[in-house]
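Participant: What follows is a predicted protein model with its sequence.
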Amino acid sequence: MKNVRKRHRLWLSAGGLALGAVVAAVFAATAVGRPSATPLKIAIMSDCQGAFAANYEQDIGGAITAFAQYAGVKPKNPNKPSAGWTGGSIGGHPLKLVGIGCSNDRADTAIKETKRLMEQLGADIMVGPLSGDESVAIANYAKAHPSKTFVNGTAGAWDTTAVVKAPNFFRFNGDGIQWNAGIGDLAVRKLHWKKAAIIMDDYSFGYASGAGMVADFCAAGGTITKRVFPPLNTTDYSSFVRQLPPPSQVDGYFSAVGGSGTPPMLKAFEQAYGKLKASQWIGNLFFFSSGADKVIGPELDGAYVGGFGSSPDLKGKNVTKYKKILDKWYKKYPPLAGKASDHAADGFTYNYYNNAWALVKALKVVKGNISDGGKKLQAALGKTSLPDAAYGAIRLDKNRQAIQPQYSYRMDVKTPGALAIKTVQYIPPVDQTFGGAIHSPPGRTYPPCAHKKLPWTGKEKPVVNGVIK
């Protein structure tokens, strides 16, 4: 009897081990099955060289922050976004960062890097690029590769979505034209300009940025007397500023010279015509993001500036939440000074963040499944909106281009380098046609100076101490 009982216990023990092995095998298969789900291969494109190299880590940081906050990735280094991420998944599909593109604001370099990321490294989706001509080239590349999906970084060329119209390229930020809504009207109403000249970079974003200034100023009754076009990355602007009429012949100047070119352009103007007068200058976003305040200093105090789709001093719960998210994941964006949230309103951070956030939202709609060549993902992206975006709701038009509110600023530079940006006005959501004023690609002569009011002319809302009145 004892032997029978012993054999029974041995049988139960062996059976238990066998059952345990089966259960363990089931759990192991499940555990293995999840990570083995098709990974989502993602790339990010920015500029580590050229006029916008200083914003490289900032762009990447903005994008990865959105993936960290909404898709579970973890930055490898809180002080260096380009170190990449680990982890993260959507619908059981692991998120794999296959590479980060290093461009230099040139279309040919951007395409070379895009091919490396999409073809050699096998990315399914790309976030980027940064600069105008790059985005036009990449949108054309996207058109020829319909199974790949692209969301913009912060590039602002008008042609990217208005002309190329790639069905798999999406932009959840305004373009250079949209960003300058309201600034020309401000020149007429507050500064009483009637005649002005404009100097703009001789490439797609310069044209777009300048077009917004020209169209807005002329709609309010102003006249543009001269347009000057230095090539991007010019170092000696002396011959170009000499093409501008002297201060005695115009009421002011618009500047759409970007990146590292802004300070030397302004210095060349001083050498030609004497010290700057803030009341005679209105710049695009590069007036405050290029370091011009450090080179020129208090002479820019009080100068007005076109926007970036954001407001550096706007107050509100969505702004507060967004800034906390930035600081949660990154301490800094080298080589830029300050903590991550100090750059919250800078479009390099904000636009990369929003584009990546919209991508995550759309990927969640399709549960990470892009096995159909990305068709469902692209359909979902076209319907995605960001109603809680920090500086105003963002939605897409039929060309997959953002419609969003805009802002204008004033520079406060009491001492060299002591820069503060004050938001002075809010412009209701602006579309890519610029209220019906833009129908063709902006360039050296387009748009013409048309005295036809835009929907927001004279209807902008003042912003006082960060509050829209």
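Facilitator: In hand now; what should we look at? Numbers count the residues shown, from 1 in each chain.
Participant: what ranges do the helices span in the stretch 151-300 of the chain?
Facilitator: 159, 176-179, 183-189, 204-219, 238-241, 262-273, 286-289, 292-296 (DSSP state H, counting those that start in this stretch).
Participant: Nearest to residue 436 among the ones you listed would be which one?
Facilitator: helix 204-219 (10.2 Å; C-beta to C-beta). Using the backbone N, CA and C atoms, a C-beta is placed for each residue, glycine as well.
Participant: pLDDT of that closest one, averaged?
Facilitator: Averaged over helix 204-219, pLDDT sits at 96.
Participant: for stretch 404-418, same thing?
Facilitator: Per-residue pLDDT over stretch 404-418 has a mean of 88.
Participant: send the alpha carbons of it over as PDB?
Facilitator: C-alpha atoms of stretch 404-418 as PDB (Å, rounded to 0.1, in the frame of the first residue of the first chain):
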ATOM      1  CA  GLN A 404      -3.900  77.000 -36.900                       C
ATOM      2  CA  PRO A 405      -4.000  80.300 -35.000                       C
ATOM      3  CA  GLN A 406      -1.000  82.700 -35.400                       C
ATOM      4  CA  TYR A 407       0.700  85.300 -33.200                       C
ATOM      5  CA  SER A 408       2.900  88.400 -33.600                       C
ATOM      6  CA  TYR A 409       5.600  89.400 -31.100                       C
ATOM      7  CA  ARG A 410       7.700  92.300 -29.900                       C
ATOM      8  CA  MET A 411      11.400  92.100 -28.900                       C
ATOM      9  CA  ASP A 412      12.500  93.300 -25.500                       C
ATOM     10  CA  VAL A 413      16.300  93.700 -25.600                       C
ATOM     11  CA  LYS A 414      17.400  96.000 -22.800                       C
ATOM     12  CA  THR A 415      21.000  94.800 -22.800                       C
ATOM     13  CA  PRO A 416      22.900  92.800 -25.400                       C
ATOM     14  CA  GLY A 417      21.700  89.200 -25.200                       C
ATOM     15  CA  ALA A 418      19.000  89.900 -22.600                       C
END
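Participant: do you know how far residue 462 is from residue 106?
Facilitator: 40 Å (C-beta to C-beta, to the nearest Å).
Participant: Who has more neighbours out of those two?
Facilitator: Remark: of residue 462 and residue 106, residue 106 carries more neighbours, 19 against 11, as counted by other C-beta atoms under 10 Å.
Participant: That one and residue 196: what is the separation?
Facilitator: 31 Å.
Participant: what do you get for residue 174?
Facilitator: Residue 174 is 23 Å from residue 196, by C-beta to C-beta.
Participant: Centre-most residue in this protein?
Facilitator: The centroid of the chain falls nearest to residue 154 when counting by C-alpha atoms, centre = their mean (2.4 Å).
Participant: which residues does that one contact?
Facilitator: 59, 130, 173, 347-348, 350-352, 355 (C-beta atoms under 8 Å, 6 or more residues apart in numbering).
Participant: Low-confidence stretches in the stretch 101-250 of the chain?
Facilitator: Under the criterion pLDDT under 70, no range of the stretch 101-250 of the chain is flagged.
Participant: Can you pull the domain assignment for this structure?
Facilitator: Domain segmentation of the chain under automatic domain parsing yields 40-174+314-400, 181-306+406-468.
Participant: Surely residue 440 and residue 446 touch.
Facilitator: Yes - Residue 440 is within contact range of residue 446, at 5.6 Å (criterion: C-beta atoms under 8 Å).
Participant: Can you spell out which helices and strands pack onto the helix or strand where residue 328 lies?
Facilitator: For residue 328, the host element (DSSP states H and E) is helix 317-329. The helices and strands touching helix 317-329, judged by 3 or more C-beta pairs under 8 Å, 6 or more residues apart in numbering; DSSP states H and E, are helix 56-71, helix 347-365.
Participant: quick one: residue 341 from residue 197, how far?
Facilitator: For residue 341 relative to residue 197 (C-beta to C-beta), the value is 38 Å.
Participant: Which one's more surrounded, these two?
Facilitator: Counted by other C-beta under 10 Å, residue 341 and residue 197 do not tie: residue 197 has more neighbours, with 21 against 18.
Participant: thought the more buried one was touching residue 241?
Facilitator: No - Residue 197 lies out of contact with residue 241 (C-beta under 8 Å); the separation is 10.2 Å.
Participant: residues shared between the contacts of these two?
Facilitator: residue 228.
Participant: Verify the stated contact: residue 236 with residue 265.
Facilitator: No - counting by C-beta under 8 Å, residue 236 stays clear of residue 265, with 9.9 Å between them.
Participant: So between these two, which is more surrounded?
Facilitator: Set side by side, residue 236 and residue 265 show more neighbours around residue 265, with 24 against 10, by other C-beta under 10 Å.
Participant: Out of the helices of the stretch 151-300 of the chain, which gets nearest to residue 313?
Facilitator: Taking C-beta to C-beta, helix 286-289 is the member of the helices of the stretch 151-300 of the chain nearest to residue 313, at 12.3 Å.
Participant: can you list contacts of that closest one?
Facilitator: Identification of contacts with helix 286-289 by C-beta under 8 Å, 6+ apart yields 255-259, 261-262, 281, 292, 300, 303, 305, 308, 346, 348, 409, 411, 419, 421.
Participant: Okay, and which of the residues you listed map to strands?
Facilitator: Within those, residues falling in strands by DSSP state E are 255-256, 281, 305, 409, 411, 419, 421.
Participant: which two in those residues are spaced the farthest apart?
Facilitator: Farthest pair in these, by C-beta to C-beta: 256 and 419, 19.6 Å.
Participant: who has more neighbours, the two?
Facilitator: A direct count of neighbours by other C-beta under 10 Å for residue 256 and residue 419 places residue 256 higher, at 28 against 20.
Participant: Bridging across strands, which residues link to that one?
Facilitator: Judged by DSSP bridges, the bridge partners of residue 256 are residue 200.
Participant: Might one say that it is in contact with residue 210?
Facilitator: Yes - assessed by C-beta under 8 Å, residue 256 is found in contact with residue 210 at 4.2 Å.
Participant: Quick check: beta-bridge partners of residue 282?
Facilitator: residue 254, residue 304.
Participant: can you tell me how far it sits from residue 104?
Facilitator: Counting by C-beta to C-beta, the gap from residue 282 to residue 104 is 28 Å.
Participant: quick one, which of these two is more surrounded?
Facilitator: It is residue 282, of residue 282 and residue 104, that has more neighbours when counted by other C-beta under 10 Å, with 27 against 19.
Participant: Tell me, how many residues neighbour residue 214?
Facilitator: 29.
Participant: Next: residue 148.
Facilitator: Per other C-beta under 10 Å, the neighbour tally for residue 148 reads 23.
Participant: can you give me phi and psi for it?
Facilitator: phi -100, psi 150 (degrees, to the nearest 10).
Participant: how close does it get to residue 416?
Facilitator: Taking C-beta to C-beta, one finds residue 148 at 46 Å from residue 416.
Participant: So for the closest residue to residue 387 other than its chain neighbours, what's the pLDDT?
Facilitator: Counting by C-beta to C-beta, 6 or more residues apart in numbering, residue 393 is the residue found nearest to residue 387 once chain neighbours are left out, at 4.6 Å. Model confidence at residue 393, expressed as pLDDT, equals 98.
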